[in-house]
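[1] structure here, sequence nowhere to be found:
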């Protein structure tokens, strides 16, 4: 066929008329490209080779050297000084920083003594023979290398410059590789299917945090779901057996620090599995995707029940990288005459809890102690008793003179407190005292670290399962009523199922959280797979309108297998792995904490004409209208 | 640490108290599960083994056999007939179809002569020893095996049942595997980074098809983007070098057949690349992900310029699986006396085009011919001349008596038409006549196929590049003005750049489309990377307000590398691969053509309370209000 020959000929001509023939068999990160190498790949073994590099002019030294940067890192270019190449020299020396060039040159050894051990390519340089300026940089709001120092809003506004920093490049690359490894584990090793589920969906009953999307049908709205929960359960009913998705999720929370209106979760669901199966799967997943350079992950992850976590750490996502656990010292204070302690120990649900902050007396300042006290007051409306154990072992505390020595001795013994430590005591109902101490425990760790005391190893990664959560909790607005601790599809703990119909508030669930260094990075559960139980939970326990979920109830009655799953918060996981202070540092184009895209200015005003097809109009608040009226 | 021992002990107890210890070293699709095998895995080599299977009761025969189904397929269970297992028999025989069970039993050979060659597991069966009913099926709106025959709206309403069909299971599994292979190619072999870009973004200038998302700030809206175009270009400016994403995209097109409001594209962008580089990359990508069982893909793909495609096929996405190409017969008709032909050949831009439909005279009915004629009239407001070449070679056509034999001879020669063929002629301006014949060409193929004539091989996959598109087209509303043929970021063809400033309507672009079997499955371009040219195109050629894209212009001035990319329509690609009539057959939970989710009833009405935080209210159209007022 003559077409074919024409095509081949044309392609050959095309290919040679541009850079060079795109070699379809070449692999690696320079395939399909005019460059022969990435900048930071060059090593002494390449000396003598002619190489072509593409990149950005990072900086210049004495009109002798240009540092060229690409995604891989840096390499030094030697500016030719011979008369015959003066045009090349003047081009290279005249280029604004951050201009984009293609250079060809020879790899040479750096002269002895001029090697730079801190640089991967520090033993060589490239003697430039030809240059093509691909794009001159016209303007920069700030220098790239100063980027991190700039205000975050400036970084966000010029995100495309901020992303040139080695840290951001490395964060995004690690994220991509991590997800790829997870996919290999799930898809290739364990037979999961990657299924995409809709994001334009129906409003969930009570889904107050779901964004609305107007449709062209008057009055009708889609909703952007907070997770693919319903879909993944339906996929199990559909017999897909093993589902996963790196799923975009949406949550409209207004302004919350370090939350994003859209975020990503690694969403997993399996049929014919129990809690241990999911946990083992996830442990293997983390181990498989974990970068080698970050050290081994040992399995299985430790596990605490919710009750244990609250008892020992005062929180359901304990940071287990350090001690300072809560100690129940109620017994030691039976018979005390101190009013608030006596009230607590004599009340049937009262207790006195303590934590010992090692070195707290030695390292923490008065203002630190005041800060801790304030936390207790403002966040928990509670008093916190501080005992400073001075270097000589004596007590500095208002409590000191009211407690007999024997009691003091017992307190020290129980909390393992020593001279130089700080002892914190809180008295009252356990469910109020424990969260207070849980929070104060973390504050003390931060305050000590601010003083240079090593409390938590920043290179340590402590995974932890928290299990046996309560299935229901009293509603905040009406404590007589129960609400789901997680969501209404969570199955009860098999040992507690009988209590569902008599004492639902006592039922533990088959929910599990995965915690890493004190942050919840995942949560999941075995689901209810019988319509009758789901209906009972919705109507009799939660008093909700089950008809809104009629499609799910019908599905459970059509042969639903037992199933369960988990969702891992990818943004948070990666942020912790790379030690980023915010998830914004592991998202390419995050929103500001007010939900703005500072680069483009989204969200933005829409014209009436743009709103018309959706049959909506804007109601400006009274004060806005007033201003506009003026 | 005693915690650790406690944890281990607890986990051991947990694990053994449920199914069995989840073996973290087991791989494959039965890991972490109580089953030992998937149903369709069993073969004669497993005879004698005790196996545990989980699945659905597909059907039952004579109270002797149960066919059990899981994601992998079917296996036959032998219902025990001995007295001692009568409870097992009655359970198995009493179970409603589609109930979910776990069975344990021994794999045995089927008695000689009872093998089923059509079934992968047809040589064996499983003699059941124990049964656990995991969930009884209570109701089914239709039988699973009849699913495909049901109306599509019923299939959509009970999608979780529809997905149990082998075809849908296989479609979704192929899609998952295909995407996984693509990821391996891009990420592992060619150094691409998977970057997630936002879907809550700013409205694109002129983005009339973008869904709006109200924010909590009065009057401000996000917009769901039609593609990550801006972000991928910004990632190149950011130096990420090679980006890809399996990206969810949104387009609000109201009701269009076989379009979805949300769809998926494999989105790719590279720096320092030319058109040939991207094309070679994509060819390698398709080859790498192509399932072995579908036969080899040969590279490179053929290529046609836009001008060639229009000339030969009358369309920019030709189906090259069959001939019937357009033939220019203008020359043969110089000097004709037939009015409409003479008008065409004497007009400076007129022409006469023909296609020959092999066997058309023999196989097509009169009503088919009328249908073709109607298409020309209603869609193109054009006359089409039909020449039926009868078996004896004589002409049946109104033209017959007006054309001298010499002209007839020339027409036959040029079109290679023979007795039994159908010849179609259209006269007029080339840009009107060619699309008409392009459409009629496809209709003729369909009509012939409906008569049982093999025109296109359904197992053939013809990939084709279409290149050298015009950069701009006359605006439909105002043909004096130009608009982008694709989008304003497309770079001009290097040979035509000089024309940009003098004759922009003559400039070809560096846009390329990938076509498969007559469907566009991808499109991309080399982008403009210089701000000055981008500004010129926006302001001087397109007369658009460049300030709306100021962030992009700033980015191009901050050291933007040359870059280009492509987006592949994943839904369409998979649909063609599996031979599905609609992309709805390769999407787990598609919307109806009116954009409804028929399972949940989305989009749905929202209450005023739900709208209040977004400062919007609904304007019902007058007629609706009238109805409600009654």
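    The structure has been received and is ready for your questions. Predicted, not measured: the structure shown is a model, and the values here were computed from it.
[2] and residue A:220, what does it touch?
    A:214, B:603, B:604, B:605, B:606 (CB atoms under 8 Å, 6 or more residues apart in numbering or on different chains). C-beta: built from backbone N, CA, C; applies to glycine.
[3] max-length helix in chain A?
    Longest helix in chain A, counting residues (DSSP state H): helix A:430-450.
[4] just checking, what packs against it?
    helix A:306-313, strand A:350-357, helix A:360-363, helix A:366-380, strand A:422-429 (3 or more CB pairs under 8 Å, 6 or more residues apart in numbering or on different chains; DSSP states H and E).
[5] thought residue A:517 was touching residue A:461?
    Yes - using CB atoms under 8 Å, residue A:517 makes contact with residue A:461 at a distance of 6.5 Å.
[6] the two: which has the busier surroundings?
    When residue A:517 and residue A:461 are compared for neighbours, residue A:517 comes out ahead with 20 against 16, by other CB atoms under 10 Å in any protein chain shown.
[7] so where's the stretch 201-350 of chain A uncertain?
    Judged by pLDDT under 70, the stretch 201-350 of chain A has its weakly predicted residues at A:205-207, A:254-255.
[8] can you give me the strands in it?
    A:211-214, A:220-224, A:242-250, A:262-271, A:303-305, A:327-328, A:350-357 (DSSP state E, counting those that start in this stretch).
[9] want to throw the ones you listed into CSV with distance to residue A:341?
    Formatted as CSV, these follow (distance: least, CB to CB, whole Å):
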stretch, distance to residue A:341
strand A:211-214, 50
strand A:220-224, 51
strand A:242-250, 46
strand A:262-271, 45
strand A:303-305, 28
strand A:327-328, 13
strand A:350-357, 6
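[10] make a ChimeraX selection of the buried ones in the contacts of residue A:220.
    In ChimeraX syntax, the buried subset of the contacts of residue A:220 is picked out as below (16 or more other CB atoms under 10 Å in any protein chain shown):
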select /A:214 /B:603,604,606
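[11] for residue A:135, phi and psi?
    Main-chain torsions, residue A:135, degrees, to the nearest 10: phi -170, psi 130.
[12] overlap in contacts, residue A:517 and residue A:461.
    residue A:576.
[13] for residue A:223, give the beta-bridge partners.
    residue A:201, residue A:212 (DSSP bridges).
[14] contact partners for it?
    Residue A:223 neighbours (CB under 8 Å, 6+ apart): A:200, A:201, A:202, A:203, A:204, A:207, A:210, A:211, A:212, A:213, B:602.
[15] gap between it and residue A:199?
    The gap separating residue A:223 from residue A:199 is 9 Å, by CB to CB, to the nearest Å.
[16] what about the helices in the stretch 101-250 of chain A?
    A:152-157, A:159-162, A:166-183, A:229-237 (DSSP state H, counting those that start in this stretch).
[17] just how off-centre is the last one within its chain?
    Its chain's C-alpha centre lies 25 Å from the corresponding centre of helix A:229-237 when counted by CA atoms, centre = their mean, to the nearest Å.
[18] check whether that helix contacts chain B.
    Yes - Helix A:229-237 comes into contact with chain B (CB under 8 Å from any CB of the partner chain), by way of A:230, A:231, A:234, A:235, A:237.
[19] what residues are up against the second one?
    Right, residue A:231. Residue A:231 sits next to A:197, A:198, B:588, B:589 when contact means CB under 8 Å, 6+ apart.
[20] repeat that for residue A:104.
    A:50, A:51, A:52, A:53, A:128, A:129, A:130.
[21] give me the element the second one is part of.
    Read that as residue A:51. strand A:50-61 (DSSP states H and E).
[22] ok, the helix or strand following that strand: who's next to it in the sheet?
    Using DSSP H and E, the helix or strand that follows strand A:50-61 in sequence is strand A:65-70. Paired neighbours of strand A:65-70 in the sheet (DSSP bridges): strand A:50-61 (antiparallel), strand A:73-78 (antiparallel).
[23] now render these as TSV, adding mean pLDDT and mean neighbour count.
    Formatted as TSV, the strands paired with strand A:65-70 follow (pLDDT from 0 to 100; neighbours: other CB atoms under 10 Å in any protein chain shown):
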stretch	mean pLDDT	mean neighbour count
strand A:50-61	96	20
strand A:73-78	98	22
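[24] can I get these in TSV with distance to residue A:262?
    Output for those, formatted as TSV (distance: least, CB to CB, whole Å):
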stretch	distance to residue A:262
strand A:50-61	30
strand A:73-78	31
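[25] quick one: which of those is nearest residue B:553?
    strand A:50-61 (18.9 Å; CB to CB).
[26] how far is the closest one from where the chain is centred?
    Remark: strand A:50-61 is offset 35 Å from the chain centroid, using CA atoms, centre = their mean.
[27] tell me what angle it forms with strand B:262-271.
    On the basis of axes from the mean of the first three to the mean of the last three CA atoms, to 10 degrees, strand A:50-61 is oriented at 80 degrees to strand B:262-271.
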